[in-house]
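[1] give the three-dimensional model of this entry:
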Amino acid sequence: MVCVGAIAGAHGVRGDVRLKSFCAEPQAIAAYQPLEDETGRKWRFRLKGPVKGGFLARFEGIGDRETAEALKGTRLYAPREVLPPLDEDEFYHADLIGLEVVDTGGNPVGRIKAVFDHGAGDILEITLANGPKTALLPFTRAFVPTVDLAAGRIVIDPPEDWP
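    Okay, the predicted model is just below:
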């Protein structure tokens, strides 16, 4: 399952929600229905239009503000197989999390804990092999020359003073 969006909160009094899409084409989130939350509940919805930071949406079974507001923060997932195929150098964040990280000499560095996208490019959070600490590394070709999903690892070439 791949996280494709999240409910950002209620909108109005009739149960509409603000829906944030994590898709490259934001409106494509509607094509992946039904979406599933962390509890396994399946959700169907209709996009009603754009709002700041996402879409206004009407979810089936949600008819009042209180119920809609209770869903704030709910992450929504789609099965990997319904998502579009990616180009050669593109990756879903869910595919990267958990991969082993080695340096260019093959020495173990750690594992990818999370991938962040704050608008200027993806950042990898790596749990270091030599302890419970984590370190951040930009997910660029310069710092990550090799991503081998089949082998379950990435090769990094970090800057001299990292971490």
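
[2] give me the nearest residue to P84, chain neighbours excluded.
    In space, and not counting its chain neighbours, P84 is closest to A28: 7.9 Å by CB to CB, 6 or more residues apart in numbering. Every C-beta, even on glycine, is put in place using the N, C-alpha and C of the backbone.

[3] am I right that the one you found is in a helix?
    Yes: assessed by DSSP: H, G, I helix; E, B strand; the rest coil, A28 belongs to a helix.

[4] give me the neighbour count for it.
    By other CB atoms under 10 Å, 14 other residues sit near A28.

[5] now V144
    Neighbour tally, V144, other CB under 10 Å: 19.

[6] likewise E100?
    16.

[7] any idea what it is bridged to?
    R111, R153 (DSSP bridges).

[8] and what of V51?
    Counting by DSSP bridges, V51 is bridged to G54.

[9] tell me the pLDDT at it?
    The per-residue pLDDT reported for V51 equals 91.

[10] check A114 too.
    A114 carries a pLDDT value of 93.

[11] give me the element it is part of.
    If you go by DSSP states H and E, A114 is part of strand 108-117.

[12] just the CA trace of the helix-or-strand element of the chain with minimal mean pLDDT, in PDB.
    Lowest by mean pLDDT, DSSP states H and E among the helices and strands of the chain is helix 93-96, with a mean of 87. C-alpha atoms of helix 93-96 as PDB (Å, rounded to 0.1, in the frame of the first residue of the first chain):
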ATOM      1  CA  HIS A  93       8.700   6.700  -1.300                       C
ATOM      2  CA  ALA A  94       7.100   3.500   0.100                       C
ATOM      3  CA  ASP A  95       9.500   1.500  -2.100                       C
ATOM      4  CA  LEU A  96      12.600   3.300  -0.600                       C
END
